[in-house]
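# The following comprises the amino acid sequence and a computationally predicted model.
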Amino acid sequence: MSQEARTPVTVVTGFLGAGKTSLIRHLLENAKGKRLALIINEFGDLGVDGEILKGCGDDTCREEDVMELTNGCLCCTVADDFIPTLETLLDRDDKPDHIVIETSGLALPKPLVKAFQWPEIKSRTTVDGIVTVVDGPAVRSGLFADDPELVARRREEDEAVDHESPLEELFEDQLKCADLVVLGKADLIDDHDADEVLEIIRREARPAVKTLPASHGRLDPALVLGIAAAAEDDLDSRPSHHDSEDDHDHDDFDSVVLPAPETPDPEYLASRVGKALSLDGVLRIKGVCAVAGKSARLVVQGVGPRVDHYFDRPWREDETRAGQLVVIGLKGTDFEAAAKTLGTV
């Protein structure tokens, strides 16, 4: 089957809280009649991103167009979950014009793209492009090292010693695999800081890969969809720290789902989330909550020092006003302390 006859697939990757969901939401809201379908791979047991996208209130956000895989990394569950999910979309009478995959913020993109070499889907799909979303303020702050100053000192003492943290390796792998890099939250850094982040991206990304700034995910869909990279056919040009490994795991990270009691107001919850994010090992917190006296759900997302929140849709009559928060952290994180800080226990 020619590439033109295959359904294009865009893989959106990027670190936790970089802005992947905001970008995809913008693509949905500006699809201009193109039928988009989404596959969302959530790290942990609660598919928060899928709920957020389903709540966008647009015809392109039909629930049947959003499929979630919440029981593991896509590339680790190819046969059991990913291929059947993809085939379900491709076998529909109203087959999508384009499929967008949002990976977990802890996912390595290259193993996922390898899955598109499987005969069952290679004849029916092509990886149109891998889009890596970078959190501009976080990168500028050096959050991809556990202790940037200590790492710098040790490297000066002994250049042969490898002090890369798992977060740095993940960040670099996501950039090395990209066909397009999106500099997210560009409105939160000045020109000087943006130049420094762009220099970091240039060092890690492949030659000629473009970087586009975006605020709140607002980027022309024509720049994101239709790259025609056929990434599944040139994986050798996308180096990874894990190329010598037969498989990979996510033992460096862990997550927990916590019940979120009704909050008196959004700022109260945001304050608690901010305090929990300052705990050692906590990487990201996201979820939906109920607010006293409000009929709509409150979405909260926090990473590093930044906490965002907004109301997305009214609570349905057939659902309980019960909130949940996902806390993602490094292995060994004191999740009990996070739960106490959030007020969920």
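Alright, I've got the coordinates.
# what does stretch 206-225 rub up against?
Applying CB atoms under 8 Å, 6 or more residues apart in numbering, the contact partners of stretch 206-225 are 8, 10, 19, 21-27, 30-32, 34, 98, 100, 128-129, 131, 134, 136, 176, 178-187, 194, 198, 201-202, 205, 237-238. C-beta: built from backbone N, CA, C; applies to glycine.
# Quote the end-to-end distance of that stretch.
19 Å (CA to CA, to the nearest Å).
# go on, stretch 95-109?
Terminal-residue distance, stretch 95-109 (CA to CA): 25 Å.
# Could you shift the numbering so residue one becomes 369, and keep it that way?
Renumbered: residue one is now 369, and that last one reads stretch 463-477.
# residues of that stretch that come out buried?
Residues of stretch 463-477 classed as buried: 464, 466-477 (neighbour count, 16 or more other CB atoms under 10 Å).
# can you list the domain ranges for this structure.
Here the domain parsing of the chain from automatic domain parsing is 371-605, 621-710.
# Format those as a markdown table; extra columns: distance to D611.
Listed next are those as a markdown table, based on distance: least, CB to CB, whole Å:
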| stretch | distance to D611 |
| --- | --- |
| domain 371-605 | 8 |
| domain 621-710 | 21 |
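# Mind putting those domains into JSON lines with mean pLDDT?
Formatted as JSON lines, the domains of the chain follow (pLDDT from 0 to 100):
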{"stretch": "domain 371-605", "mean pLDDT": "79"}
{"stretch": "domain 621-710", "mean pLDDT": "89"}
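# hmm, back to that, show only the entries of the contacts of stretch 574-593 found in strands.
376, 378, 466, 468, 496-497, 499, 502, 548-552 (DSSP state E).
# nearest to A599, of those?
G497 (6.8 Å; CB to CB).
# so the closest one touches I595, yeah?
Yes. Contact criterion CB atoms under 8 Å: G497 and I595 qualify, at 3.4 Å.
# Find residues that contact each of those two.
Here G497 and I595 have 378, 547-548 as joint contacts, going by CB under 8 Å, 6+ apart.
# Narrow those residues to just the buried residues.
Among those, the ones that count as buried (16+ other CB under 10 Å) are 378, 547-548.
# With distance to A582 added, can I get those in a markdown table?
Listed next are the buried ones among the shared contacts of G497 and I595 as a markdown table, based on distance: CB to CB, whole Å:
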| residue | distance to A582 |
| --- | --- |
| T378 | 15 |
| D547 | 16 |
| L548 | 11 |
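# Closest one to V481 out of those residues, please.
D547 (10.5 Å).
# And that closest one, how far from P673?
30 Å (CB to CB, to the nearest Å).
# the helices in this protein, which residues?
Taking DSSP state H as the test, the helices found in the chain are 388-397, 416-422, 451-458, 477-482, 487-490, 504-508, 516-525, 534-544, 559-572, 589-592, 634-645, 703-710.
# Can you lay out those as CSV showing distance to A664?
Listed next are the helices of the chain as CSV, based on distance: least, CB to CB, whole Å:
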stretch, distance to A664
helix 388-397, 17
helix 416-422, 13
helix 451-458, 30
helix 477-482, 34
helix 487-490, 39
helix 504-508, 28
helix 516-525, 40
helix 534-544, 33
helix 559-572, 34
helix 589-592, 27
helix 634-645, 11
helix 703-710, 21
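# which stretch among these comes nearest V694?
By CB to CB (comparing all of the helices of the chain), the closest turns out to be helix 416-422, at 5.8 Å.
# This completes my enquiry, with thanks.
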